[in-house]
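**Q** next input, structure requested:
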Amino acid sequence: MITHPKHPFQSEADQIQALIDRCNGDSDTFIEELHQTKITHISFSQVYSFETCPRQYYLRHILGREITPVPEYFVKGKALHRTIANAYRAFGEGQDFSEDIIHYDGISRFSQAGKHLRNGYLTLRQNMLPSDEVLGIEKPFVFLMEDNIPPVVGVIDLILRRGDILILIDHKTGRDFYHPDILQMAVYLNYLRSAGLQGDCEFYYDSYRWVENLARIRKPAFERRQMVINEREIEGQVKRLVAGYQGIHRLKQGQLPERNGECFRCVYRNCC
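**A** Residues are numbered from 1 along each chain as shown. So this is what the prediction gives:
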């Protein structure tokens, strides 16, 4: 139970925590069931999606429109996330692991996408971060922050311990390296503080670039970037989270927003 009795969204936070407990920490099940319950909440991914294109957010999160078929990059990204989770889970249990842990998720291992996944796995094996203990893998969380926003929800890809240092890693995949967004780390740090974090904490983005042949690449297939955030930046990101929620709330009360002019990049362009 989250202890914050005066918060106007206390009931919602308790319901979401109960859902996390019922799902036994399974992040995929939790996210799916949370969307079905319609319990009011906010997250980094919601704010990022809204800021990128309010119209896409409206179509996807308010009208509930789904893209069919599901874009291949989304399937690959989810499959590599599961593969990375399998690898660190085996590492945390002191087990050896092989290519059997690759989660192809229906993708042919002989296709281009299958080669991308295998090379992502090989890249992972070369770049696993040394640590003393695996504390969490795809860990869902909820916490209360500002009184004017609902519970903040998220999933931390990986939590490690090295000595007295807590290490958080977020995995990104794509044709090129992902540009980090400090809001995500600000949310994680606020959550850890709400949970009673003691000691130092390090944040990393591990980015995997889709590569078909590791022996013939001109730029790296992997990039690890450490993020550092100060108190002033944290305060600014909290304000951004609040502004994002307020904008999303206005969308729910109004009509379909205007296009943002970058529709050629959007997977929703054919149903917008």
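**Q** which secondary element of the chain has the worst mean pLDDT?
**A** For the chain, scoring each helix and strand by mean pLDDT, DSSP states H and E identifies helix 54-57 as the least confident one, at a mean of 88.
**Q** so what touches that helix?
**A** 46, 49-50, 247-248, 251, 256-260, 266, 268, 272 (Cβ atoms under 8 Å, 6 or more residues apart in numbering). For the C-beta atoms, the positions are set from N, CA and C on the backbone; glycine is no exception.
**Q** try stretch 209-225
**A** The set of residues that contact stretch 209-225 without belonging to it, under Cβ under 8 Å, 6+ apart, is 76, 112, 115-116, 119-120, 122-123, 126-127, 129, 173-177, 180, 204-208.
**Q** list only buried entries from those residues.
**A** Buried residues within the contacts of stretch 209-225, defined by neighbour count using 16 or more other Cβ atoms under 10 Å: 76, 115-116, 119-120, 123, 173, 177, 180, 204-208.
**Q** circling back to that earlier point, need the contacts of helix 54-57 in JSON lines with secondary structure, neighbour count and pLDDT, can you?
**A** Formatted as JSON lines, the contacts of helix 54-57 follow (DSSP: H, G, I helix; E, B strand; the rest coil; neighbours: other Cβ atoms under 10 Å; pLDDT from 0 to 100):
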{"residue": "46", "secondary structure": "helix", "neighbour count": "18", "pLDDT": "94"}
{"residue": "49", "secondary structure": "helix", "neighbour count": "17", "pLDDT": "90"}
{"residue": "50", "secondary structure": "helix", "neighbour count": "22", "pLDDT": "92"}
{"residue": "247", "secondary structure": "helix", "neighbour count": "15", "pLDDT": "93"}
{"residue": "248", "secondary structure": "helix", "neighbour count": "19", "pLDDT": "93"}
{"residue": "251", "secondary structure": "helix", "neighbour count": "18", "pLDDT": "90"}
{"residue": "256", "secondary structure": "coil", "neighbour count": "13", "pLDDT": "68"}
{"residue": "257", "secondary structure": "coil", "neighbour count": "17", "pLDDT": "76"}
{"residue": "258", "secondary structure": "coil", "neighbour count": "8", "pLDDT": "74"}
{"residue": "259", "secondary structure": "coil", "neighbour count": "14", "pLDDT": "72"}
{"residue": "260", "secondary structure": "coil", "neighbour count": "14", "pLDDT": "67"}
{"residue": "266", "secondary structure": "coil", "neighbour count": "18", "pLDDT": "76"}
{"residue": "268", "secondary structure": "coil", "neighbour count": "17", "pLDDT": "75"}
{"residue": "272", "secondary structure": "coil", "neighbour count": "15", "pLDDT": "71"}
